[in-house]
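Chemist: attaching a predicted model along with its sequence, questions to come.
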Amino acid sequence: MLKVLALAILSTTTQISAAPAPTPQICTGPEYHQLDFWIGDWDTFEPDGSGASEARAHVDSILGNCAIHELYEQIDGLVGDSVLSYDAVRKLWQQTWVTNRGSLMVIEGAFKDGVLSLAGEMHGKDGKAVMQRVTWRAEGKGVRETSVRSKDSGKTWEPAFDVLFQKHR
């Protein structure tokens, strides 16, 4: 009886510890690699690259190349976390960005001529919505991210930020 019980336990243990079958790669098309230029460990600077770094950003491909994850940490304590993903059905990129200061931004758009351009709304902790347009493009050995915002439903636009990402030293 003990021998049968031991074999049953061994059989169950073997089945549980067996590795699952590998999942086929789904996100293999060229669209999923359009932002490969941004993957890396970065310091951020003013657009001309001068001055001290204002933030550190870690940008990684995740979920089998199906998404890009950014963790952004500014020297003043602001932390932002985002996921960018390509929606193959709508043929659009989308980003959800959240900060430790209560902001949420959801934007979407397209990659064209080497530039990712996304637009949508940012909601601050005060609950007010601000329209936001953000672009990313490779620039030299770095990445340039710029943004403009509108507080009057798109009637007028003003610069929100202009950042140069350079490889972390």
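Modeler: Right, received. Where do you want to start?
Chemist: who does the helix or strand where Thr135 lies pair up with?
Modeler: Element membership of Thr135 [criterion: DSSP states H and E] is strand 129-139. Strands that pair with strand 129-139, judged by DSSP bridges, come out as strand 115-123 (antiparallel), strand 142-150 (antiparallel).
Chemist: quick one: these as TSV, columns for mean neighbour count, mean pLDDT and distance to Trp93 too.
Modeler: Yep, even glycine has a C-beta here, placed from its N, CA and C like the rest. Listed next are these as TSV, based on neighbours: other Cβ atoms under 10 Å; pLDDT from 0 to 100; distance: least, Cβ to Cβ, whole Å:
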stretch	mean neighbour count	mean pLDDT	distance to Trp93
strand 115-123	18	97	6
strand 142-150	19	97	14
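Chemist: circling back to that earlier point, with just CA atoms, put the strand holding Thr135 into CSV.
Modeler: Extracted C-alpha coordinates of strand 129-139, given in CSV (Å, rounded to 0.1, in the frame of the first residue of the first chain):
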residue,chain,number,x,y,z
ALA,A,129,-8.3,67.2,-18.0
VAL,A,130,-5.6,68.7,-20.2
MET,A,131,-5.1,67.7,-23.8
GLN,A,132,-1.6,66.4,-24.4
ARG,A,133,0.5,65.6,-27.6
VAL,A,134,3.7,63.7,-27.1
THR,A,135,6.4,62.6,-29.7
TRP,A,136,9.4,60.3,-29.5
ARG,A,137,12.2,60.1,-32.1
ALA,A,138,15.8,58.9,-32.2
GLU,A,139,18.2,61.8,-32.1
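Chemist: name the element the residue nearest to Pro47 when sequence neighbours are not counted belongs to?
Modeler: The shortest distance from Pro47 to any non-neighbouring residue, by Cβ to Cβ, 6 or more residues apart in numbering, is to Asp162 (4.8 Å). Element membership for Asp162 (DSSP H and E) is strand 158-167.
Chemist: and that strand, what's buried?
Modeler: Neighbour-count burial for strand 158-167, with 16 or more other Cβ atoms under 10 Å as criterion, is recorded at Val163, Leu164, Phe165, Gln166.
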